[in-house]
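Engineer: Pasting the sequence and the predicted model now:
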2 protein chains.
Amino acid sequence: MDTTQLLKGVLDLAVLAVVDGEDGYGYDIVRRLRDGGLSEVGDASVYGTLRRLYSAGALTSYVVPSEAGPHRKYYGITPTGHAQLKQQRDDWTSFATTVSALLQEVPA
Amino acid sequence: MDTTQLLKGVLDLAVLAVVDGEDGYGYDIVRRLRDGGLSEVGDASVYGTLRRLYSAGALTSYVVPSEAGPHRKYYGITPTGHAQLKQQRDDWTSFATTVSALLQEVPA
DNA sequence: GGACAGTAGTGTGCAATGCGCAGTACCGTG
DNA sequence: CACGGTACTGCGCATTGCACACTACTGTCC
């Protein structure tokens, strides 16, 4: 099965939600998402999303020089990002409700 | 707000679900989807989806000559389509559950 | 009778986005 | 000092929803 298409439009939301809990860096965020159930998410997708959200002003970033390994680019959420998270969470909720309702319209 | 991206991967499912209840033609299906809550769905998207599903063998089609207006191309679901519907419905349900859970991981 | 609105379907090109893959860089271990 | 693991970046691709333009048929109103 291919949940790729379902991810579209939700990855932003998922990333924001994860970062909203606690700042994180790319690799870590990928792990958190996978642990959270989005096991099929690709790392490149997450990095791309982080960059996009950063460009949009939804995230801040600061580099923490390596302690063991390469540097880590941490991301934190901005007020803009928080607003976006809230908005998209509402969108998602109402959308999910609508779709679920549509699916149940069929009794037999 | 823009639910465009959310629609991706769900339109197939929505169309299958609607047709599963009763055969329908493009214009009619668009109306049913909009009435069902997907108010922002574009007509071209639905026609495109119908063609795609038909090519994939998930739908049959038969033309009913006009009674009042141009001809109508009706679509019905095939066993293949039914299987796909079932599969995608499960995918959706589990995906929606996962995402909802992710979103609630953040208490504050 | 002819312009026009409404219904129904098709084709084209575009934009967004997730992904695979390759590449870079840094660390500790054998 | 080669190698595997961690961390990040860049490139090109495929899918898919959408706007827009176009065809075609019917009934209505002037």
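Structural biologist: Everything's here; your move. Residues are numbered from 1 along each chain as shown, chains lettered A, B, ... in the order given.

Engineer: give me the element the closest residue to DNA strand C within chain A is part of.
Structural biologist: The nearest approach of chain A to DNA strand C comes at A:Ser45, 2.7 Å away (C-beta to the nearest atom of the strand). Heads up, the C-betas are built off the backbone N, CA and C, glycines and all. Taking DSSP states H and E as the definition, A:Ser45 sits inside helix A:43-55.

Engineer: Provide the count of other residues in contact range of A:Leu50.
Structural biologist: Each residue near A:Leu50 was counted by other C-beta atoms under 10 Å in any protein chain shown, and the total is 23.

Engineer: tell me what the helix holding A:Ser45 is packed against?
Structural biologist: Where contact means 3 or more C-beta pairs under 8 Å, 6 or more residues apart in numbering or on different chains; DSSP states H and E, helix A:43-55 is packed against helix A:11-21, helix A:26-35, strand A:59-64, strand A:72-77.

Engineer: Relative to DNA strand D, how far out is A:Tyr74?
Structural biologist: 7 Å (C-beta to the nearest atom of the strand, to the nearest Å).

Engineer: burial count for that residue?
Structural biologist: 19.

Engineer: my read: it touches A:Tyr62, true?
Structural biologist: Yes. Taking contacts as C-beta atoms under 8 Å, A:Tyr74 lies within contact range of A:Tyr62: 5.4 Å.

Engineer: I'd guessed A:Tyr25 sits against A:Pro70; true?
Structural biologist: No. A:Tyr25 is beyond contact range of A:Pro70, at 10.3 Å (criterion: C-beta under 8 Å).

Engineer: between these two, which one's more packed in?
Structural biologist: A:Tyr25 (18 against 8).

Engineer: Bridged to that one, which residues?
Structural biologist: A:Tyr74 (DSSP bridges).

Engineer: What is the burial count for the residue of chain A closest to DNA strand C?
Structural biologist: 18.
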